[in-house]
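*Asks:* Everything below, folded, please.
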Amino acid sequence: MKMRKITLGLLLMICGTACQKEKPVAVTIQKPNSRPVVQDSGRLIEVGPDSSTIRFFQTETVQNRSLTADYQAPAHVVATVIGSGESDGKPMVLFDNPALTDNYSQLQQHLTNIRQLQDVNIKQKLIELGRAKDLAEHGAATGREVLEAQSALAMERTNLANERALLAQHETTLKLAGFDPIGLQHARPGQAWLICDVPESQVNKLQVGNNATIRFTAYPDETVSGRIESFGDVVDNVTRTIKLRIRLDNPAGKFRAGMFATVSFGISEGQFMSLPQTALVTVQGKDYVFIKSAPRRFERREVTLGQQIGDRIVVFHGLKETEAVVIKGTMQLKGLSFGY
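*Replies:* A predicted model of the protein is given here:
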């Protein structure tokens with residue numbers, strides 16, 4: 001009986017052990033080393049093979065490109081042209097400066113006087129002198145009459161010279177104000193002109209015929225297009241600026257003399273290698289970028305920078321065309337390269 005109990009207990013122990021579920025065995029998988037490797041005193045950095053890490057660093061291919069900067073200058077409408085109710089139909093130019101209006105009126109009068117002297121008076125005096133000489137040759141007139149005809153002709157020529165001198169004075173005044181006196185003579189109703197002052201350092205980047213975008217203070221939600229018509233002939237000694245004249249269409253007459261505006265120009269700066277500011281880091285007064293030299297390798301490179309044009313900075317030395325420069329993730333590479 002005792003043997004049976006021992007045997008039964010042994011059977012129950014064996015059954016219990018066999019019926020227990022097997023526990024899973026933990027297996028450790030060795031991951032490849034994903035920590036960046038920094039070499040050559042931080043000049044070379046190699047990141048791990050993780051695809052998300054590699055995609056984090058975005059690059060831009062270096063190339064020479066034309067850079068354009070947006071330059072803005074205050075301006076105002078200095079003159080408009082309207083139709084005239086006079087019989088000759090000649091248009092009227094209205095200036096924002098009453099002195100210029102008076103100046104232009106006098107210029108018009110001198111032009112009229114010059115035409116009268118050239119086309120009528122002097123021609124008439126030449127005819128009278130020729131007749132007096134002919135009569136004198138045939139004994140029908142005296143030498144005194146010839147001298148009088150010569151004096152009359154000389155007087156008209158003097159009057160012509162005086163009118164031209166006065167005309168030159170008014171033309172100079174208009175030119176100093178930024179106007180072309182000859183162009184004003186051919187103005188047509190529905191035109192307007194703006195004047196803005198441009199620094200002499202920017203003048204060589206603009207050309208006659210370039211477009212300009214204009215936004216008027218009176219119409220802040222509108223933009224209109226104008227065209228550069230001419231540059232002034234004088235540089236202001238104090239501001240070192242040159243007057244630039246812009247013509248725009250004004251068929252409805254909504255742009256009136258004296259109105260203020262802001263003029264924008266897209267100024268071409270030329271062909272340069274350039275990078276966005278996010279590509280650059282500065283350490284102890286030196287400027288660096290990071291070149292992607294292999295799929296997982298980056299190289300620190302010192303560069304020499306030029307001026308900033310818009311949102312880009314010119315790079316004079318340190319880069320070659322077609323190199324891939326990091327423009328996103330630069331600060332992370334800076335920390336690895338310099339240890340902070």
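*Asks:* low pLDDT regions in the stretch 1-150 of the chain?
*Replies:* In the predicted model of the stretch 1-150 of the chain, residues 1-34, 85-89 satisfy pLDDT under 70.
*Asks:* Show me where it has its helices.
*Replies:* 2-19, 51-56, 98-116, 122-137, 143-176 (DSSP state H, counting those that start in this stretch).
*Asks:* Of all the ones you listed, which one is nearest Val283?
*Replies:* helix 51-56 (21.6 Å; CB to CB). For every residue, glycine as well, the C-beta is placed using N, CA and C.
*Asks:* List the contacts of the closest one.
*Replies:* Ser34, Val47, Pro295, Arg296, Lys328, Gly329, Gln332 (CB atoms under 8 Å, 6 or more residues apart in numbering).
*Asks:* Spatially, and excluding backbone neighbours, which residue is closest to the third one.
*Replies:* Distances taken as CB to CB, 6 or more residues apart in numbering put Ile54 closest to Pro295, at 7.0 Å, once the chain neighbours are dropped.
*Asks:* Could you provide the helices of the stretch 1-150 of the chain in JSON lines, with additional columns for mean neighbour count?
*Replies:* Compiled in JSON lines, these are given as follows (neighbours: other CB atoms under 10 Å):
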{"stretch": "helix 2-19", "mean neighbour count": "9"}
{"stretch": "helix 51-56", "mean neighbour count": "10"}
{"stretch": "helix 98-116", "mean neighbour count": "16"}
{"stretch": "helix 122-137", "mean neighbour count": "15"}
{"stretch": "helix 143-176", "mean neighbour count": "15"}
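*Asks:* want to throw those into JSON lines with distance to Thr80?
*Replies:* JSON lines is the format used below for the helices of the stretch 1-150 of the chain (distance: least, CB to CB, whole Å):
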{"stretch": "helix 2-19", "distance to Thr80": "106"}
{"stretch": "helix 51-56", "distance to Thr80": "58"}
{"stretch": "helix 98-116", "distance to Thr80": "12"}
{"stretch": "helix 122-137", "distance to Thr80": "36"}
{"stretch": "helix 143-176", "distance to Thr80": "15"}
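*Asks:* pLDDT of stretch 204-224, averaged?
*Replies:* Stretch 204-224 carries an average pLDDT of 91.
*Asks:* mind listing the helices for the stretch 151-300 of the chain?
*Replies:* 181-185, 200-203.
*Asks:* out of the ones you listed, deepest packed?
*Replies:* Comparing those by mean neighbour count (mean count of other CB atoms under 10 Å), helix 181-185 ranks first with a mean of 15.
*Asks:* Any chance you could list what contacts it?
*Replies:* Residues outside helix 181-185 that contact it (CB under 8 Å, 6+ apart) are Ala79, Val93, Tyr104, Leu107, Leu111, His170, Glu171, Leu174, Lys175, Glu229, Ser230.
*Asks:* Pro251: which of the helices of the stretch 1-150 of the chain is closest?
*Replies:* When those are compared for distance to Pro251 using CB to CB, the nearest one is helix 98-116, at 22.1 Å.
*Asks:* How far does the closest one sit from its chain's centre?
*Replies:* 37 Å (CA atoms, centre = their mean, to the nearest Å).
*Asks:* coming back round to it: now do the residue nearest to Pro295 against Ala294, distance only.
*Replies:* Using CB to CB, to the nearest Å, Ile54 is found at 11 Å from Ala294.
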